[in-house]
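Trainee: need a structure here:
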Amino acid sequence: MFLGMQNDLIAYVANSKEELENLQYIKFSDIIETQDNYVLDNGVFVKQDEFYFSQKLSEAKNKKFLENFEKLNEKRYGQSFTVFLQNKECVFDTSEQTQSDLQTAAIVTSSGQTYDNWITNNGININLSADDIKLIFAGFFPLVSPLYQLDLYYKNLINNANSIEEVENIVINY
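Mentor: Down below sits the predicted model:
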């Protein structure tokens, strides 16, 4: 491999010195032969060495971790379920807001009070008791608990990948 240099910058990479010398309208301050491989990365030629591959593998893993995080949250916060409370069919979702509200309701009802005027996802106005909250959580946990096992599985796959291709071939499906 040959590097066409312009001052201290690699301006062009070619397989032969002649290829660089025969480029029209381009003159190099130096042409250097090297055994190293160079690639164009973000407009700059960089040596393909262990550090380069390690850096690119790390970038690929970070991108895949982000994809996993986004898909996990989409599934975790995007489900709904039905619970029968006080002889009414009540629909709840697994959104962050619902989870936060349920925690507040659990605190209120733990002292024996009811959590009044909860509006379910299907429009039912209900006053929740501590037993109602337990039933809601019983409907909620089976939906989200398995997701954490899958999350760990995908994180392990990503962590154990040894190449960019391995990382890119991981299909995340919750």
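Trainee: Format the CA atom coordinates belonging to stretch 93-101 as CSV.
Mentor: Taking Å, rounded to 0.1, in the frame of the first residue of the first chain, the C-alpha atoms of stretch 93-101 are listed here in CSV:
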residue,chain,number,x,y,z
ASP,A,93,-51.2,0.4,30.4
THR,A,94,-47.6,-0.1,31.4
SER,A,95,-46.5,3.5,30.6
GLU,A,96,-44.1,5.3,32.9
GLN,A,97,-46.9,7.6,34.0
THR,A,98,-49.2,4.7,35.0
GLN,A,99,-46.3,3.1,36.9
SER,A,100,-45.6,6.3,38.7
ASP,A,101,-49.3,6.8,39.5
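Trainee: What are the buried residues along that stretch?
Mentor: D93, T94, T98, Q99 (16 or more other Cβ atoms under 10 Å). Glycine gets a C-beta too; all of them are placed from N, C-alpha and C.
Trainee: Let me have the residues you listed in a markdown table, adding distance to Y153 as columns.
Mentor: Output for the buried residues of stretch 93-101, formatted as a markdown table (distance: Cβ to Cβ, whole Å):
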| residue | distance to Y153 |
| --- | --- |
| D93 | 25 |
| T94 | 20 |
| T98 | 26 |
| Q99 | 23 |
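Trainee: Closest one to L3 out of those residues, please.
Mentor: T94 (55.9 Å; Cβ to Cβ).
Trainee: which residues sit in contact with that closest one?
Mentor: Shown in contact with T94 (Cβ atoms under 8 Å, 6 or more residues apart in numbering): R76, Y77, G78, Q79, S80, F81, F140, L143, V144.
Trainee: Now for the buried residues of stretch 93-101: which two are most distant?
Mentor: D93 and Q99 (9.3 Å).
Trainee: what does stretch 135-146 rub up against?
Mentor: By Cβ under 8 Å, 6+ apart, stretch 135-146 touches 76, 79, 81-85, 92, 94, 99, 102, 106, 128.
Trainee: so of the residues you listed, which ones are in helices?
Mentor: Judged by DSSP state H, those include R76, Q99, L102, A106 as members of helices.
Trainee: Apart from its chain neighbours, what residue comes closest to the last one?
Mentor: The reference is to A106. In space, and not counting its chain neighbours, A106 is closest to I133: 5.0 Å by Cβ to Cβ, 6 or more residues apart in numbering.
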